[in-house]
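Trainee: structure, please.
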Amino acid sequence: MAPAMPANTKLGRATTAALSAWLAAANLVAQQPQKPSQPGYVVRVSTEIVLVNVIARDKRGNLIRDLKKEDFTVYEDGQKQQLTSFDFENVDQLLTAGAAGTTATGAAGNGGLLGAGQNPTLEARDRRLMLLFFDFSAMEPDEIDRAVNAGKKYVQANMQPADMVALVSLVTNMRLDLDFTDDKTRILASLSAYNDSEGQGFESGTTGSSEGTAETSGAYTPDDTDYNTFSADRKLLALQSILEAMGKIPQKKSLIYFSNGISQSGVDNQSALRAATAAAVKANVSIYPVDVRGLSAFPPGGQAQSASLHGQSAYSGASVLNDLNGNAASQETLYTLAADTGGKAFMDTNDFGGVFQQVQKDTSAYYVLGYTSANRLKDGHFRRLKVQVNRGDVKLEYRSGYYAGRDFEHMKQADREQQLEDELVAELPQTDVAVYAGTAYFRQDDSHYYLGVSLVVPGSQIPFVQEKDKDNATIDIIGQAQEGGRFPVGRLRDTVKLAVDSAQQVRRKNVQYNTGFVLAPGSYHLKFIVRENRTGRMGSFETDVRIPDLRKAPLRMSSVVLSSQRVPATQKKKTFQPLISEQTELVPSVTHVFTQDQKLYLQYEIYDAAKAKASAAGNGNGENKSRHQSVRVLTSIEFLQGDAKVYETKPIVAQEITAPDRKAVVFQMEIPLQSMKPGFYTCQINVIDDVAGNYAFPRWPILIKTVAPNPADAPNTGAGGAN
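Mentor: Residues are numbered from 1 along each chain as shown. All right, here's what the predicted structure looks like:
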């Protein structure tokens with residue numbers, strides 16, 4: 001049976017909702033509304049098949065089309081691999097194109113390649129799939145015109161019946177402009193929609209030195225190193241998003257990347273570059289970068305449209321050398337993308353038609369070899385490939401290798417952080433680790449409320465298998481609060497170290513983490529990711545929470561917190577912490593399950609209680625002085641089973657404000673449970689503002705159990721600060 005929860009919380013549940021759009025994570029297209037998913041189990045399937053595209057030519061350069069599976073031998077790092085799949089793609093066999101007028105999914109830009117909710121399939125066998133990616137984010141108008149005109153010329157003169165083309169552009173965000181189609185009219189129309197105003201013209205920034213930079217009459221030369229790093233990462237992450245989406249098509253794909261270069265900032269962009277190439281290899285995509293700057297000249301004094309240069313660089317030849325080095329650095333990343341994915345880079349040429357001819361040549365007829373690597377380690381290392389065929393005078397073309405995936409054990413700290421960030425924005429949550437949560441709100445002032453959050457992980461979910469780890473472990477927690485489910489208004493990132501007496505004790509306990517956010521009244525969506533750092537397993541919890549505006553309520557009351565223990569406060573009360581009082585912290589019970597040997601602690605607050613009229617009294621000097629106005633708030637606790645009342649406390653009367661800074665009457669109740677029989681109860685809190693005549697009777701279901709032989713109900717807690 002599911003544990004009882006407060007009315008403003010709910011247990012997280014994995015759903016089987018499908019991804020709503022191709023590249024939705026990169027804001028490629030707007031997400032489509034989802035139909036409510038049916039509750040059930042989520043099954044994740046991962047494949048570890050390595051695909052190698054092989055082009056076989058004879059000594060005259062002609063394609064060889066009659067090789068069989070038995071003719072090939074694949075080696076990975078010198079070790080022979082067992083082929084599990086074999087396919088031959090003969091694109092030239094298709095003499096006529098398919099029906100024109102529709103895209104692969106029936107509609108471009110609506111749900112992307114795989115659609116939203118309809119799950120269409122793309123029949124891509126013996127078809128040549130080319131995706132044209134126009135990176136307009138840094139192009140100048142003339143560069144845009146050259147790239148678009150090259151695409152138009154290919155469609156009009158060289159596009160073959162087997163070719164299917166998709167268009168993606170990157171400006172301020174990434175957009176799918178046309179899904180895979182062989183309709184030339186639609187392709188040309190989409191290309192014509194591009195204009196030279198699409199580009200942003202953002203060049204790489206300076207590094208803080210004025211020597212050799214253009215004279216702009218500025219007071220100083222800024223250091224744009226961080227911007228350069230961000231710009232390169234943005235381009236590479238856009239590529240990665242496209243490549244991951246294209247992995248849903250089993251055939252070989254070609255991505256023609258129109259760009260004016262990617263300049264890396266030292267090793268800062270290496271992680272993004274490696275992720276992009278790994279995604280391309282996994283998705284069976286070859287990248288063909290095209291430098292739209294064409295064949296460039298580097299005059300000593302700079303371009304005619306540029307201002308004169310600072311310093312002596314223009315007179316010593318240093319400016320030309322710097323320009324050459326900068327151009328080479330921006331092209332190096334493009335060369336790497338091509339070499340590591342089996343494509344070819346086209347640089348320093350004003351004729352971009354060669355890239356289309358090269359793609360057609362490389363994908364006319366090829367073999368697809370698949371195998372499961374005998375090296376099961378997921379260490380992220382580069383693995384070299386070698387393909388042999390049992391015929392003489394045969395030349396094989398294939399990529400040189402691939403990067404193996406990384407498991408949690410081999411991840412670096414930056415990769416582990418990125419894993420948490422990716423999971424936080426993922427639509428399909430992880431459920432490897434069970435996570436439960438509860439929330440409670442308390443008013444801080446008229447417009448701000450403290451929303452306390454308690455996360456609970458069963459101790460059995462945290463493995464302790466080695467002697468050195470059984471008494472110490474850590475869990476990573478990341479979470480955020482979104483207003484209306486869209487705008488982040490609070491964020492949490494923490495690592496909690498757990499110290500326990502023994503592995504057996506921690507398995508019987510719950511690990512509880514308490515934190516909170518300071519928010520305004522409104523509706524919020526909370527999401528938390530928890531990862532145990534022994535094996536890297538993760539779990540998630542999502543819930544919608546509403547914080548009411550108590551100014552509109554007749555009786556202004558906080559949430560009711562039920563607990564079974566008070567512990568010494570682990571942190572100094574520097575911020576508003578309503579559950580910490582006199583160096584003691586009340587630990588909320590998320591499950592509302594208690595045992596007979598425990599005490600039930602309750603805490604809740606009443607705000608802006610009505611004040612009674614005061615009478616005047618003399619002070620002994622012949623003067624009258626009004627006495628302080630008093631309040632009168634009554635409260636009691638009762639337990640119900642069905643309609644029968646089985647227990648009720650004596651009423652407690654509060655006649656003064658106990659928290660003047662918040663105008664709050666704070667109630668802290670304590671009820672021994674040894675006289676209560678085991679079973680389910682309804683705990684009702686009775687609150688009456690006697691002066692105003694307002695009242696409230698909130699109820700909470702609870703379970704009282706018999707004492708276990710080895711009681712271990714006290715959770716291992718960790719506290720986080722308010723955001």
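
Trainee: would you list every one of the helices in the protein?
Mentor: 141-153, 184-192, 225-246, 270-283, 313-316, 318-341, 353-362, 413-425, 503-508 (DSSP state H).

Trainee: between those helices, which gets nearest to residue 659?
Mentor: helix 413-425 (35.1 Å; Cβ to Cβ). Every residue, glycine included, has its C-beta placed from N, CA and C.

Trainee: neighbours around the closest residue to residue 399 other than its chain neighbours, how many?
Mentor: The shortest distance from residue 399 to any non-neighbouring residue, by Cβ to Cβ, 6 or more residues apart in numbering, is to residue 342 (3.7 Å). The number of residues packed around residue 342, counting by other Cβ atoms under 10 Å, is 24.

Trainee: residue 69: neighbouring residues, count only.
Mentor: By other Cβ under 10 Å, neighbour count at residue 69 equals 12.

Trainee: contacting residues for it?
Mentor: Shown in contact with residue 69 (Cβ atoms under 8 Å, 6 or more residues apart in numbering): 83, 86.

Trainee: from what I can see residue 390 touches residue 71, true?
Mentor: Yes - using Cβ atoms under 8 Å, residue 390 makes contact with residue 71 at a distance of 5.3 Å.

Trainee: between those two, which one's more packed in?
Mentor: Taking neighbours as other Cβ under 10 Å, residue 390 and residue 71 compare with residue 71 leading, 16 against 11.

Trainee: just to revisit the earlier point, the helices of the chain: which one's closest to residue 261?
Mentor: When these are ranked by proximity to residue 261 (Cβ to Cβ), helix 318-341 comes first, at 2.8 Å.

Trainee: hmm, back to that, how near is the residue nearest to residue 399 to residue 79?
Mentor: 21 Å (Cβ to Cβ, to the nearest Å).

Trainee: same check, this time on residue 159
Mentor: 42 Å.

Trainee: which of these two has more neighbours?
Mentor: Neighbours were counted for residue 159 and for residue 79 using other Cβ under 10 Å; residue 159 has more, 22 against 11.

Trainee: surely residue 51 touches residue 369?
Mentor: Yes - at 7.2 Å, residue 51 and residue 369 qualify as touching, with contact defined as Cβ under 8 Å.

Trainee: which one of the two has more residues nearby?
Mentor: A direct count of neighbours by other Cβ under 10 Å for residue 51 and residue 369 places residue 369 higher, at 22 against 17.

Trainee: pretty sure the more buried one contacts residue 83?
Mentor: Yes - counting by Cβ under 8 Å, residue 369 does reach residue 83; the two are 5.8 Å apart.

Trainee: can you pull out the low-pLDDT segments for the stretch 251-400 of the chain?
Mentor: 265-268, 297-323, 325, 327 (pLDDT under 70).

Trainee: do the same with the stretch 551-700 of the chain
Mentor: 572-573, 614-628.

Trainee: distance check, the spatially closest residue to residue 338 that is not a sequence neighbour against residue 255.
Mentor: Nearest residue to residue 338 in three dimensions, chain neighbours excluded: residue 345, at 4.1 Å (Cβ to Cβ, 6+ apart). Plainly put, residue 345 is 12 Å away from residue 255 if you go by Cβ to Cβ.

Trainee: what residues are shared contacts of these two?
Mentor: Joint contacts of residue 345 and residue 255 (Cβ under 8 Å, 6+ apart) are residue 288.

Trainee: can you tell me which residues contact residue 192?
Mentor: Contacts of residue 192 by Cβ under 8 Å, 6+ apart are residue 152.

Trainee: per-residue confidence for it?
Mentor: You'll see residue 192 listed with a pLDDT of 91.

Trainee: and if you look at residue 165?
Mentor: Taking residue 165 on its own, its pLDDT is 93.

Trainee: I'd guessed it sits against residue 182; true?
Mentor: Yes - in this structure residue 165 lies within contact range of residue 182 using Cβ under 8 Å: 7.5 Å.

Trainee: between the two, which contacts overlap?
Mentor: With Cβ under 8 Å, 6+ apart as the test, residue 165 and residue 182 reach no residue in common.

Trainee: in the stretch 401-550 of the chain, where is pLDDT below threshold?
Mentor: In the stretch 401-550 of the chain (pLDDT under 70), the answer is 464-472, 499-508.

Trainee: hmm, try it at 80
Mentor: Across the stretch 401-550 of the chain, the ranges flagged by pLDDT under 80 are 405, 428, 460-473, 485, 498-509.

Trainee: in it, which spans are strands?
Mentor: 401-403, 436-445, 448-458, 472-483, 487-499, 510-519, 522-532, 538-547 (DSSP state E, counting those that start in this stretch).

Trainee: which parts of the last one are buried?
Mentor: This points to strand 538-547. For strand 538-547, burial by neighbour count (16 or more other Cβ atoms under 10 Å) applies to 538-543, 545, 547.
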